[in-house]
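> Fold the stuff below for me.
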Amino acid sequence: MLSILAAGSVFFPGLFLLSKQCLKYIPGLRWSEGDAVIVSARLVSSVQALMASSAGYIIASSCDDIIEDGHWLTCSYILFAVPYFVYDIYAMFMCYWYKLRVKGHEEAATAPKHMGSALLSYLRREFLMVLHHVVMVTVCFPVSVFLRRGKGDYFQGVMFMAELSTPSVCLGKILIQYKQQHTLLHKVNGALMLVTFFVFRVLLFPYIYYAYGRYASIPFHLVPLRVSWQCNLGAALLMAPQLYWFSLICRGAFRLFTRSSRRPPAPSPCPANGYSVRPAEPESSAH
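Model (predicted):
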């Protein structure tokens, strides 16, 4: 157990530092510290998401009995991924610290000048995301490892697959940060993010209730009455932030596509400064 925790504690921060150093010092790139931190943090989140969803698919597809069957990868990946949620709180703060200092950012003028003030501002702004990470470590981790007793690995695997929406969320944040909302890539990624987030996060718990109802031969609408109150409470607490983040994604998508359909023709390039650049939009907090 300790060796797997140690491996995760080295892998995720190590990948972040390696990526940051490569972006800063590879000839032809040589990005600034802030740019390297922001992109490296999103890269690590995307790598973790692909690893988690791959593990989830292997686990879920290996369980014939969705209640009784277990898989060794379930506990192993949970232990490996726990350090990621601790590291990611730090990485998100560093992204917040540097993105306010991007030239032209709308909040740059009022950005906190000291690390302590920035930390308090970050905790207020990203309270829900930080709380989500803390709950994953302090509640979901011990419940999944110590109280699960080797049962229900199918459902754990399905929950791992919720991370499939993360790479598109990360790419969307990078494109917004660097004012690329006008590009086709941003529009295609936005549509992909909307679909994957809805399927793999919003529909996740209804599907879990549906799968259990089929297994136990219970009508879907009666499943909440048959399972324990702890299961219903846990599902409600985990689903609530997903619905909130999905509403932010929908609002952002609505603004993006309505503005695109109403936007006047692009101005001719000016020899002095090229095309005009549109200001950055607020980004979703979904991770």
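> need the longest helix for the protein.
helix 229-262 (DSSP state H).
> The closest residue to Ala216 other than its chain neighbours - how many residues pack around it?
Among residues not flanking Ala216 along the chain, Arg226 sits closest, at 7.1 Å (CB to CB, 6 or more residues apart in numbering). C-betas here are computed from N, CA, C, even on glycine. Other residues near Arg226 come to 13 when the count uses other CB atoms under 10 Å.
> One more: Arg259?
If we define neighbours as other CB under 10 Å, then Arg259 has 13 of them.
> That one and Lys187, how far apart?
Using CB to CB, to the nearest Å, Arg259 is found at 11 Å from Lys187.
> picking up where we left off before, so how far is Ile26 from the residue nearest to Ala216?
The gap separating Arg226 from Ile26 is 57 Å, by CB to CB.
> cool, Leu237 as well?
Distance, Leu237 to Ile26, using CB to CB: 43 Å.
> Show me the shaky parts of the chain.
Within the chain, the stretches with pLDDT under 70 are 102-113, 147-150, 260-287.
> rerun that using 80 as the cut-off
1, 29, 100-116, 145-151, 177, 253, 256-287 (pLDDT under 80).
> ok, which stretches of it are helices?
2-25, 33-62, 72-99, 115-125, 127-135, 141-142, 153-160, 166-177, 184-197, 204-216, 223-226, 229-262.
> okay, these, which one's buried deepest?
helix 153-160 (a mean of 24; mean count of other CB atoms under 10 Å).
> Quick check: which helices or strands does that helix pack against?
In this structure, helix 153-160 makes packing contacts with helix 33-62, helix 72-99, helix 204-216, judged by 3 or more CB pairs under 8 Å, 6 or more residues apart in numbering; DSSP states H and E.
> Any chance of these in CSV with distance to Leu119 as columns?
Converted to CSV, the helices and strands packed on helix 153-160 look like this (distance: least, CB to CB, whole Å):
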stretch, distance to Leu119
helix 33-62, 16
helix 72-99, 7
helix 204-216, 32
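> For Gly234, see how far away Ala6 is.
Ala6 is 28 Å from Gly234, by CB to CB.
> got it, and Phe197?
Separation of Phe197 from Gly234 (CB to CB): 20 Å.
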